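1. any chance you could fold what I've pasted below:
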Amino acid sequence: MKKANKKFNAAIIIIGNEILSGRTQDINVLNISTWLNTLGIKLQEVRIIPDEENIIVQTVNEIRKTFKYVFTTGGIGPTHDDITSKSISKAFNLHYCYHPEAYKILEKYYEKGMFNFGRKKMAKTPKGASLIYNPSSAAPGFFVKNVFCLPGVPSILKSMLGGLNNKIIGGKKIISITLNLRTVESEISIPLERVQKKYKNLEIGSYPFFQQGKIGVSLVMRSTKIKLINNCKKDILKFIKEKNIKIIKKK
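-> This next block holds a predicted model:
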């Protein structure tokens with residue numbers, strides 16, 4: 001991988017048997033990727049792995065060497081299968097222990113006598129980790145070097161992302177514009193390929209959809225340069241006009 005590409009890229013590791021089993025549907029990727037776009041960081045890989053220490057350690061150590069930023073979700077709660085914090089400690093060869101500040105935050109948050117063993121576990125991190133503060137339910141996440149560990153509950157995770165804005169260095173904001181067309185991919189594949197070759201520094205995604213009994217295609221243009229997107233859009237509009245393809249509003 002080229003250094004320039006690594007500068008502002010990221011990967012997500014989703015940790016949880018509940019995701020792999022289909023019991024829980026993940027939406028954290030959407031929240032994290034949308035947030036990363038505003039920071040000019042491109043999400044390039046997502047992996048879903050089980051709550052198994054050796055797999056977590058192996059995956060984290062592999063991915064953190066390749067990507068500028070790595071985000072893990074899940075496994076930092078109070079139950080027996082929440083082993084992310086301990087696994088990250090092992091991945092970095094750090095002592096797994098109570099984080100003094102995290103312990104004080106949680107001790108203050110819970111009523112007297114309610115700060116039990118499970119809740120105390122949420123104060124354990126790799127030694128020397130920095131905290132990611134939690135404005136929703138107190139229990140913090142943490143980060144070690146370029147690995148950021150967040151909870152699996154989407155609403156809580158989303159509330160914590162803003163606190164990382166000054167911890168991460170990104171590039172220019174990634175802008176996205178979508179055209180929804182009443183057509184099929186095979187109808188536009190050749191002219192779309194020509195446009196993509198013309199705009200090599202812009203990403204065009206083609207995604208078929210089915211709405212109200214009719215098929216369509218969403219064309220998504222992504223770049224850090226709005227002028228480039230607008231020029232690309234003009235070229236696309238030109239060939240869809242020639243083909244008499246209708247632009248629709250997708251609900």
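2. pLDDT on stretch 72-91, on average?
-> Per-residue pLDDT over stretch 72-91 has a mean of 96.
3. ignore the last one, stretch 21-40
-> Mean predicted confidence for stretch 21-40 is 94.
4. can you give the contact residues for that stretch?
-> Residues from elsewhere that reach stretch 21-40 (CB atoms under 8 Å, 6 or more residues apart in numbering): 8, 10, 12, 14, 16, 18-19, 42-43, 46, 48, 71, 73, 150, 152, 154, 157-158, 161, 165, 168, 170-174, 176, 224. All C-beta spots, glycine's among them, are computed from the backbone N, C-alpha and C.
5. identify the single longest helix in the protein, thanks.
-> Under DSSP state H, the helix in the chain containing the largest number of residues is helix 226-242.
6. centre of the chain to that helix, how far?
-> Distance of helix 226-242 from the chain centroid (CA atoms, centre = their mean, to the nearest Å) equals 29 Å.
7. and the strands in the protein?
-> 9-15, 42-49, 69-73, 96-98, 124-126, 130-132, 141-144, 147-150, 175-182, 203-211, 214-223, 246-247 (DSSP state E).
8. sheet-wise, list the partners of the fourth one with their directions.
-> Spelled out, that is strand 96-98. Sheet pairing here is set by DSSP bridges, and for strand 96-98 it gives strand 124-126 (antiparallel).
9. and if you look at the second one?
-> Partner strands for strand 42-49, per DSSP bridges, with pairing direction: strand 9-15 (parallel).
10. check the third one too.
-> The sheet places strand 69-73 alongside strand 9-15 (parallel), strand 147-150 (parallel), with pairing taken from DSSP bridges.
11. just checking the distance from the shortest one to the centre of its chain.
-> It stands for strand 147-150. Using CA atoms, centre = their mean, the offset of strand 147-150 from its chain centre is 11 Å.
12. dump that strand to CSV, restricted to CA.
-> Below are the C-alpha coordinates for strand 147-150, written out as CSV (Å, rounded to 0.1, in the frame of the first residue of the first chain):
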residue,chain,number,x,y,z
VAL,A,147,-6.7,1.6,17.7
PHE,A,148,-10.0,3.2,19.0
CYS,A,149,-12.3,0.9,21.0
LEU,A,150,-16.0,1.9,21.1
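13. which stretches of this protein have low pLDDT?
-> Low-confidence segments of the chain, defined by pLDDT under 70: 1-6, 250-251.
14. got the domain boundaries for this structure?
-> Domain assignment for the chain by automatic domain parsing gives 3-164, 175-247.
15. chain center to the shortest one, what's the gap?
-> Okay, so that is domain 175-247. 24 Å.
16. please enumerate the helices of the stretch 1-150 of the chain.
-> Along the stretch 1-150 of the chain, counting by DSSP state H, counting those that start in this stretch, helices occupy 3-6, 17-20, 28-38, 53-63, 84-91, 100-109, 117-121.
17. now the third one: buried residues?
-> Going by neighbour count (16 or more other CB atoms under 10 Å), the buried part of helix 28-38 is 28, 31-33, 35-37.
18. need the residues you listed in a markdown table with distance to residue 217, can you?
-> Below are the buried residues of helix 28-38 laid out as a markdown table (distance: CB to CB, whole Å):
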| residue | distance to residue 217 |
| --- | --- |
| 28 | 27 |
| 31 | 26 |
| 32 | 26 |
| 33 | 21 |
| 35 | 27 |
| 36 | 25 |
| 37 | 22 |
